[in-house]
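# Here is a sequence with its predicted model. Questions after.
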Amino acid sequence: MGVTCCLIVAFLRGDPACLYDRFVMEGTGGPFVHTEVVLRDETGRGRAYTALERVGGVVPVAPHAYGPEWALVCLPLAPAMLRRVYAGILGLLAAGIPYNTADLWQCCVPLFLPFETDLDCARGDTWRGGVFCSQLACLLLRRAARDGSLPVSPAVRARLESVNSRGCSPNALFRLLRAV
């Protein structure tokens, strides 16, 4: 039996001894401080992507072992759908999407989110203000659910559509996906 293709959302648990991690965990109400998206094909090969401030935005990351410090949510995809999601990510890489530092505070203080216009998940070329790691994952999941690449129930799709990505922390995204 072959390996199932899937879109994996990987959530990194913070280190309580690290002041920055502690700030993120307390501010966003959970143990996670970072998110990566992994596309695993039918051979078992994975390609990982995230948004990183220090390197300039949406980037591929070297495949690595996701040990016990990571929580993984695996969403099965058909091979053709995995290729569609991969093509979308390649488009984002080609567009040079920067890192979004301006909206990070909204992950901790979502008071103004109802008044903020969310990014259009179907138009990565409009993300000129950038994305942060969990915002990228949220928008990729929303786009995949919307275009039929990610087979989810109407209730899950509605939840993905209802979240404003500009305040979607790793912990908020994990809570949303845990309900799947």
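The structure has been received and is ready for your questions.
# Please make it C-alpha for all contacts and neighbour counts, starting now.
Noted.
# And the lowest-mean-pLDDT helix or strand in the chain, what's buried?
The weakest-scoring helix or strand in the chain, judged by mean pLDDT, DSSP states H and E, is helix 105-108 (a mean of 84). Across helix 105-108, burial judged by 16 or more other C-alpha atoms under 10 Å covers Gln106, Cys107, Cys108.
# what's the closest of those residues to Arg83?
In terms of C-alpha to C-alpha, no member of the buried residues of helix 105-108 lies closer to Arg83 than Cys107, at 30.6 Å.
# out of everything not next to it in sequence, what's closest to that closest one?
Gly167 (4.2 Å; C-alpha to C-alpha, 6 or more residues apart in numbering).
# Could you double-check that the one you found lies in contact with Leu111?
No - with contacts counted by C-alpha atoms under 8 Å, Gly167 stays clear of Leu111, the gap being 9.7 Å.
# The two: which has the busier surroundings?
Between Gly167 and Leu111, counted using other C-alpha atoms under 10 Å, Gly167 has the larger neighbour count: 26 against 11.
# how about the longest helix along the chain: buried residues?
Using DSSP state H to define each element, the chain has its longest helix at helix 79-95. Using 16+ other C-alpha under 10 Å as the test for burial, helix 79-95 gives Met81, Leu82, Arg83, Arg84, Val85, Tyr86, Gly88, Ile89, Leu92, Leu93.
# give me every residue that touches the residue nearest to Cys107.
Gly167 makes contact with Asp103, Leu104, Trp105, Gln106, Cys107, Cys108, Pro110, Leu113, Gln135, according to C-alpha atoms under 8 Å, 6 or more residues apart in numbering.
# and the most centrally placed residue in the chain, what pLDDT?
Nearest to the mean C-alpha position of the chain, by C-alpha atoms, centre = their mean, lies Ala137 at 1.4 Å. pLDDT for Ala137: 97.
# one step back: distance-wise, check the residue nearest to Cys107 relative to Phe174.
Remark: distance between Gly167 and Phe174 (C-alpha to C-alpha, to the nearest Å) = 13 Å.
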